[in-house]
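**Student:** for reference, the sequence and a predicted model appear below.
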Amino acid sequence: MTPRKVRVFSGIQPSGMLQLGNYLGAIQQWVAGQGEKINFICIVDLHTITVPQEPAVLRRQTRELAALLIACGIDPQQTTLFVQSHVRAHAECCWLLNCVTPLGWLERMTQYKTKAARQESVLTGLLDYPVLQAADILLYDTDEVPVGEDQKQHIELTRDIAQRFNGIYGETFVIPRPVIRESGARIMGLNDPTAKMSKSDPTRGHAIRLTDSPDEIRWAFKRAVTDAGREIRFSDDPARAGVNNLLQIYELLSGLSRPAIEAHFEGKGYGALKSEVAEIVIEALRPIREGFERLMQEPAELDRILAIGADQARAVAEPKLVQVKERMGFVLPT
Ligand code: AMP
Ligand code: TRP
């Protein structure tokens, strides 16, 4: 018997223009893993509405995200790229999993606590967010979930939900594992190396957006916060987080080893480091920006790709959902 091919699933929200942390922490890994495994990448619009959204903005950002992912190298021939709301099984499976998930498990989630603290009125969907994420992952018999560090707790919760379901109803779900890179798991803000780079922080100079112009990128790196030292070395020292962050970005985009990078910057100052990192980022993002602009001119082509992705996803998710309902004792329609 030939061994079962490894299945990879990850998701990303259409909640604003992607930034360098999304690319280095998540998308670059998804692109590198195409080919030998079975890959699913899902644009999780149902997750995005857990905080209030403008309908026109959500619609635009969903198409932009699809174009950007393809421009980053997600190849629809090798990866099933689809929009979550196109596959009804996700919302339905979420409901079924809600009914095996204790409330206390959700109230403990740190992402929920941080996001809830920022809202005046917290929506039920925000608390339920990780159960929908579990449904996404479990419907595809996923083995690996490549994500940034911040998603680790949600993947652990997914494992707990799957184990609990299997315990009650018998072996149904594959138990997935998170795959988190060592370098790039947490790209920090350029203006504040103690805070994760985030697409929701609008401060100029905080994040590098994947569609930023070369001048904007140079501006942001020139102002990147470093420290009063002068040594250019990788380090875990929180006081040197700014320099370490710049070096990690350089490492991930150059593909060079850490000793080679330290040797390269030996004797150079922080100014040189910032401008070399800016240039390597500009070169890496140039084809992405150009590809994105090209695809945005072809909305029909984009919709066609997403329709094919949704068909492929349904072919996997729907039979799985039937199996889940059967295990739970639902009378299936004939
Ligand atoms: P989000 O922007 O929250 O939808 O995240 C999409 C993916 O990018 C997830 O896998 C995150 O863990 C990852 N990610 C987001 N921001 C960063 C960051 N600053 N560093 C590394 N990974 C990140
Ligand atoms: N919560 C994830 C994030 O904000 C997005 C997501 C939704 C996801 N469903 C997923 C990630 C399934 C991995 C697998 O980044």
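**Tutor:** Alright, I've got the coordinates. Ligands and ions are numbered 1, 2, ... in the order given.
**Student:** what is the burial count for the residue of the stretch 101-250 of the chain found nearest ligand 1?
**Tutor:** With distances taken as C-beta to the nearest ligand atom, the stretch 101-250 of the chain approaches ligand 1 most closely at residue 148, which sits 2.3 Å away. To be clear about C-beta, it is placed using only N, CA and C from the backbone, and glycine gets the same treatment. Using other C-beta atoms under 10 Å, residue 148 has 20 other residues around it.
**Student:** leaving out sequence neighbours, find the closest residue to it.
**Tutor:** On the basis of C-beta to C-beta, 6 or more residues apart in numbering, the spatially nearest residue to residue 148 that is not a chain neighbour turns out to be residue 25, at 3.6 Å.
**Student:** now the residue of the stretch 151-300 of the chain found nearest ligand 2, nearest residue through space, not along the chain?
**Tutor:** When scored by C-beta to the nearest ligand atom, the stretch 151-300 of the chain has residue 151 as its residue closest to ligand 2, at 5.3 Å. The shortest distance from residue 151 to any residue other than its chain neighbours is 6.9 Å, reached at residue 178 (C-beta to C-beta, 6+ apart).
**Student:** what's the neighbour count on that neighbour?
**Tutor:** By other C-beta under 10 Å, 19 other residues sit near residue 178.
**Student:** tell me if the helix or strand containing residue 130 is near ligand 1.
**Tutor:** Under the criterion of DSSP states H and E, residue 130 resides in helix 124-138. No. Contact between helix 124-138 and ligand 1, assessed by C-beta under 6 Å from any ligand atom, is absent, since the two come no nearer than 10.9 Å.
**Student:** can you give me the buried ones in that helix?
**Tutor:** Buried residues in helix 124-138, defined by neighbour count with 16 or more other C-beta atoms under 10 Å: 126-138.
**Student:** of those, which are in range of ligand 2?
**Tutor:** Contacts with ligand 2 within the buried residues of helix 124-138, counted by C-beta under 6 Å from any ligand atom: 133, 136-137.
**Student:** can you show me the helices along the stretch 101-250 of the chain?
**Tutor:** Remark: helices of the stretch 101-250 of the chain, listed N- to C-terminal, are 103-107, 110-118, 124-138, 152-169, 214-222, 241-254; assignment by DSSP state H, counting those that start in this stretch.
**Student:** which of these sits closest to residue 8?
**Tutor:** helix 124-138 (10.3 Å; C-beta to C-beta).
**Student:** tell me what that closest one is packed against?
**Tutor:** Under the contact definition 3 or more C-beta pairs under 8 Å, 6 or more residues apart in numbering; DSSP states H and E, helix 124-138 sits against strand 7-12, helix 45-48, helix 89-98, helix 103-107, helix 110-118, helix 152-169.
**Student:** roughly how far out does it sit from the chain middle?
**Tutor:** In terms of C-alpha atoms, centre = their mean, to the nearest Å, the centre of helix 124-138 is found 15 Å from the chain centre.
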